[in-house]
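Novice: from the sequence below, what's the structure:
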Amino acid sequence: MKAIAIQPGAGQPHMVDRTQPTITAANQVLLRVLRVGICGTDREEILGGRSKAPDGQKELVIGHEMLGRVEKVGDQVTRAKPGDLAVFTVRRVCGECLPCAMNRPDMCLTGKYHERGIWGMDGYQTEYVVDQEQYLVRLAPELAGIGVLAEPMSVAEKAIDEAERIQAGRLPQASAAPDWWFGRPCLVAGLGPIGLLAALALRVRGAAVYGLDIVPEASARPQWLLAIGGQYINGKEIPLDKIASLRQSMDVIIEAAGIASLSFNLLDALGANGVVVLTGLPDGDRPIELNGAALVRGLVLGNQAIAGSVNAARDHFQLGVDDMLSAELRWPGHVAKLITHRYAAKDFATGFSQHPDDEIKAVIEWAQ
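Specialist: Okay, here's the model as predicted:
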């Protein structure tokens, strides 16, 4: 079968031939890959960023945002059958720590996890994949057109889940309110795919969502946000320290921009008792200057919290799938507009090398 691979640390992606996988254990599922998303992580790997081939191999099959159709299941599989749409998660357990034993490799303590298409395991830019049922999430047929967004949606869902758990554990009113998110002012910083999907998940919960970026309001990403009832803030026109006075202080901020200085400056827009969850990974190692005393005073006197969030567990994938289905019912056809560019597998080089201004999410089509 065909697959798209790189040599970690060097070279461009290229098509390779791999042996088609087969089911070798009763708990395994074989998927025919339908489409795979291209994201910033893929492009960083191609440029020599963080990646690792499986042990004993020189090349890594890339791709971690996928949608597939079940072809065959092992005798012990109960959650899927041939013909179902499904996705596999990304991170795999280390086999040593308690979080991994609880199927929470996103919270691995040892750092010995593997990640499909990124670190030590081949990914999904290929025709067929096999994995264990514990890493599979089944999708409703209605999500056939947008199911490839399940992985970036899961990252957004985990960030929101982290914010909710932190606030529920420390705010006396949070556990008493049955619909805590409704009407709550939330800021999403960075309107890439993860940021927009975070805005979507928050809007499904009824939050008042503000999206922050530096592109014109008439461009595709702000317009997508506005269509689901969000409000756009152009960071070139409104400084962060003015957001609270011009709009309102934010109770929750989800950072999805990957800009180190922005991560701390966002505190200027955070209200008392608020929480910021960081999901972006900054490039480079350029130092930044901070007014440390003012930052700490704000955190302490404002009861503010900052948390980091990486990857996602299977439950976050399921939350994302459920929210995408709710969004599809509420805004029919709108989520699919996030997928702006599609490339046949044979045209993969164009998909990875081009990143036009109007691109939100690009995908490689492996099968119909």
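
Novice: quick one: the helices in the stretch 51-200 of the chain?
Specialist: Shown for the stretch 51-200 of the chain, the helices assigned by DSSP state H, counting those that start in this stretch span residues 98-101, 150-170, 193-204.

Novice: for the second one, packing partners?
Specialist: Other elements packing on helix 150-170 under the criterion 3 or more C-beta pairs under 8 Å, 6 or more residues apart in numbering; DSSP states H and E are strand 65-73, helix 193-204, strand 250-255, strand 270-278, strand 305-308, helix 314-330. Where C-beta positions appear, they are placed from N, C-alpha and C, glycine not excepted.

Novice: give the contact list for residue 63.
Specialist: Applying C-beta atoms under 8 Å, 6 or more residues apart in numbering to residue 63 gives the contacts 4, 36-37, 42, 117, 123-126, 364.

Novice: mind running it again at 6 Å?
Specialist: 36, 117, 123-125 (C-beta atoms under 6 Å, 6 or more residues apart in numbering).

Novice: for residue 182, same thing?
Specialist: Residue 182 touches residue 206, counting by C-beta under 6 Å, 6+ apart.

Novice: quick check: phi and psi on it?
Specialist: phi -60, psi 120 (degrees, to the nearest 10).

Novice: equivalent analysis for residue 361, please.
Specialist: Per degrees, to the nearest 10, the backbone of residue 361 is at phi -140, psi 130.

Novice: any idea what it is bridged to?
Specialist: residue 339 (DSSP bridges).

Novice: now it: how far from residue 59?
Specialist: Distance, residue 361 to residue 59, using C-beta to C-beta, to the nearest Å: 25 Å.

Novice: which helix or strand contains residue 24?
Specialist: Assigned by DSSP states H and E, residue 24 falls within no helix or strand.

Novice: biggest strand in the protein by residues?
Specialist: Using DSSP state E, we find that the single longest strand of the chain is strand 28-38.

Novice: pipe the contacts of residue 63 into CSV and attach distance to residue 334 per row.
Specialist: Shown next, in CSV, are the contacts of residue 63 (distance: C-beta to C-beta, whole Å):
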residue, distance to residue 334
36, 22
117, 28
123, 28
124, 26
125, 27
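
Novice: go ahead and confirm residue 214 touches residue 237.
Specialist: No: the pair residue 214 / residue 237 is not scored as a contact, 9.0 Å apart, by C-beta atoms under 6 Å.

Novice: who's more crowded, those two?
Specialist: residue 214 (12 against 9; other C-beta atoms under 10 Å).

Novice: ok, that one - contacts?
Specialist: Taking C-beta under 6 Å, 6+ apart, one finds 235-236 in contact with residue 214.

Novice: and the pLDDT for it?
Specialist: We note a pLDDT of 94 for residue 214 in this prediction.
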